[in-house]
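[1] Let's see this in three dimensions:
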Amino acid sequence: MAGNARQNRKFAFGRSCACCGVDVHAHVVPHDFPRFAGDAVPKSWPSMQPADGCHRTMIVDGKNYRTVSDACWSVKRRIADMDTAGIGVQALSPMPELFSYWMDPQPADDLLRYINDVIAGMVDEGRGRFAGLAAVPLQSLDLAIAELRRAMETLGFAGVEIGSNVNGVPIGDPRFLPFFEEAERLGAAVFVHAVRPAGMDRLVGPGQLQQVLAYPTDIGLAAASCITSNLLLKLPKLRIAFSHGGGTLASLLPRLREGWKIFPALADALQADPYDQARRLYVDSLVYDEPTLRHLSTIFGDDRILIGTDYPFNFHERAPLARIEAAFEDAGSRDRLAFANAAAFLNIEEAA
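    As a prediction, this is how the structure comes out:
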């Protein structure tokens, strides 16, 4: 694909299209993974095995990690489901467990380059129905920046998906600033997804509580770290979005602002009102509740909320446009949440 392919591609969304939504939060798992080329297979290198029907099971460290359907890799199946849900365009990003931050940097880079190439193939096959969000090995800034450049300049992606933390280090940590500087320079959209969240030791119940409760907590802390590090003040043109409605951030902001007013150390550290900084972020709509969605609009603005579904996994939003219509009466707000905000975030243009 030519380096200017993304800029020249037109996408299927808008009020003239029956499928008008733009979904920024939708994942891919490849049908297969390559065999590792070296002698010793790295810990956490994934593989796939057939399962029942159209399903396959991802194996990590000799254990079944997750059984997924062909919706994870089949363009035909995915587009049919998008049409049913009223989604015109999906931004395709890897399942977070594939970030591979916990792997040695070079094998992780090899794996992520393969996954990004798979996504690029799906984008091409989709003919305007998909945009690409790459994964990069953030445990090595040099490799991460190099792969981000390849994704943007060679593969024609819209941006990158990153984790809420990198082996326990929040993304607002100053060590990641060179990566965000390059993302801003390239015009890359940055979508932040929870991964290996903190707090699992405090949960009582089955493992699915990681997705249900721990993910939004980790995302809230990740977003807060970008505010307390003044990231968006340093990089005002950076477009960065947080999954799961920004997690707990909306509830943390009143405390953060009050602390900023009261504690001199916080006043010195935060160079602007936390609310003002938060309104520079984007959040997705994946909160499963109309009153919560309206609350996000009062916090971040209705120009900062994007459709997010978490397709194709079981725990996903199946009727995002109906949720928006139930939450907002104003037609302008509905259009902004359905497609206009995401088009601006991803820097994509509507097909004529």
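[2] buried residues in the host helix or strand of residue 334?
    Assessed by DSSP states H and E, residue 334 sits inside helix 331-335. Using 16 or more other Cβ atoms under 10 Å as the test for burial, helix 331-335 gives 333-335. Where you see a C-beta, it was placed from the backbone N, CA and C, and this is true even at glycine.
[3] Same check on stretch 129-145?
    Buried residues in stretch 129-145 (16+ other Cβ under 10 Å): 129-141, 143-145.
[4] Backbone dihedrals for residue 207, please?
    Torsion angles at residue 207 (phi, psi; degrees, to the nearest 10) stand at phi -60, psi -20.
[5] For it, give its distance to residue 66.
    Residue 207 sits 11 Å away from residue 66, going by Cβ to Cβ, to the nearest Å.
[6] ditto for residue 52
    Relative to residue 66, and taking Cβ to Cβ, residue 52 is found at 14 Å.
[7] the more surrounded of those two?
    residue 66 (14 against 9; other Cβ atoms under 10 Å).
[8] A strand includes the more buried one, no?
    Yes: assessed by DSSP: H, G, I helix; E, B strand; the rest coil, residue 66 belongs to a strand.
[9] Can you name the residues bridging to it?
    Counting by DSSP bridges, residue 66 is bridged to residue 58.
[10] Isn't it up against residue 58?
    Yes: the criterion here is Cβ atoms under 8 Å, and residue 66 meets it with residue 58 at 5.4 Å.
[11] Could you list the low-pLDDT ranges of this protein?
    1-10, 13-19, 351-352 (pLDDT under 70).
[12] need the helices for the stretch 151-300 of the chain, in chain order.
    Applying DSSP state H, counting those that start in this stretch to the stretch 151-300 of the chain gives helices spanning 177-186, 209, 215-228, 231-234, 249-262, 264-269, 274-278, 290-300.
[13] Can I get those in TSV including mean neighbour count?
    Below are the helices of the stretch 151-300 of the chain laid out as TSV (neighbours: other Cβ atoms under 10 Å):
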stretch	mean neighbour count
helix 177-186	18
helix 209	14
helix 215-228	24
helix 231-234	18
helix 249-262	16
helix 264-269	11
helix 274-278	20
helix 290-300	17
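[14] Looking at those, spot the one closest to residue 34.
    Residue 34 lies closest to helix 177-186 among those, at 25.7 Å (Cβ to Cβ).
[15] any shared contact partners between residue 66 and residue 58?
    Common neighbours of residue 66 and residue 58, counting by Cβ atoms under 8 Å, 6 or more residues apart in numbering, are 29, 97.
[16] coming back round to it: quick one: list the elements packing against the helix or strand just after the helix holding residue 334.
    Scanning forward in sequence from helix 331-335 by DSSP H and E, the next helix or strand is helix 341-346. Applying 3 or more Cβ pairs under 8 Å, 6 or more residues apart in numbering; DSSP states H and E, one finds that helix 341-346 contacts strand 21-28, strand 87-94, strand 239-242, strand 305-306.
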